[in-house]
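**Student:** no FASTA, just this:
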């Protein structure tokens, strides 16, 4: 089993970048490229050399750093097949059910359309880690910009079926505002109430609330707990209008 290392760092106003590193092979991947300078700084701090970029979707705050990073490191960029026309820096494209190897570990590709039509997530089963981009957030989910509620519900349902202990890295620090909204939906959810207090304490100290786990989200994330697409749509609309 590959023993991968994961390093999360903040960038832009509320994005997270993550580096994945295999100390034996030296391979290092960046999940998306929100800000080339932030990625370079993180690489320098860890003394790692970038070999790959794994792209979840085409939005600028996940892709704008790719060109500069490719120029600096000549790294290999893997991203969504269905968004290849919108991301001109891709070297390799993947879609639902595809696999590839990084750092000695098999990476599964899960298509999760909704936020964008071609969104993909990366599942490192051996390490028990999934990178959900802007599909599943801690206590939330992405806005539905290109798909519809049925599509997003199906995507979230795929992620909900992963093992409960799976560690979830997402693209943004939205958890505190998500918690406030969630408590209005499920005020009697004791696990949610306790988690909201923990989140407030973390943010007061300037600490991240990410990563999370699938199990924790199943207990406290009102979007995953909706039960069906109709209820999910109601909750998503309420959040959009909050």
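**Tutor:** It's in. Not measured: the values here are computed from a predicted model.
**Student:** counting by contacts, list what the longest helix along the chain packs against.
**Tutor:** Across the chain, the longest stretch assigned as helix under DSSP state H is helix 190-204. Packing contacts for helix 190-204, counted by 3 or more C-beta pairs under 8 Å, 6 or more residues apart in numbering; DSSP states H and E, involve helix 175-185, helix 214-220. In short, each C-beta sits where N, CA and C put it, glycine included.
**Student:** columns mean pLDDT and distance to residue 10 on top of those helices, output as JSON lines?
**Tutor:** As requested, the helices and strands packed on helix 190-204 are arranged in JSON lines below (pLDDT from 0 to 100; distance: least, C-beta to C-beta, whole Å):
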{"stretch": "helix 175-185", "mean pLDDT": "96", "distance to residue 10": "13"}
{"stretch": "helix 214-220", "mean pLDDT": "98", "distance to residue 10": "21"}
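**Student:** before we move on, back to that, how far is the longest helix of the chain from where the chain is centred?
**Tutor:** In terms of C-alpha atoms, centre = their mean, to the nearest Å, the centre of helix 190-204 is found 21 Å from the chain centre.
**Student:** what's the closest of the helices and strands packed on helix 190-204 to residue 118?
**Tutor:** Distance to residue 118, taken as C-beta to C-beta, is lowest for helix 214-220 among those, at 22.9 Å.
**Student:** of all the residues in whichever helix or strand comes after that closest one, which ones are buried?
**Tutor:** If you walk from helix 214-220 toward the C-terminus, the next helix or strand you reach (DSSP states H and E) is helix 229-240. Counting neighbours by 16 or more other C-beta atoms under 10 Å, one finds that the buried residues in helix 229-240 are 229, 232, 233, 235, 236, 239.
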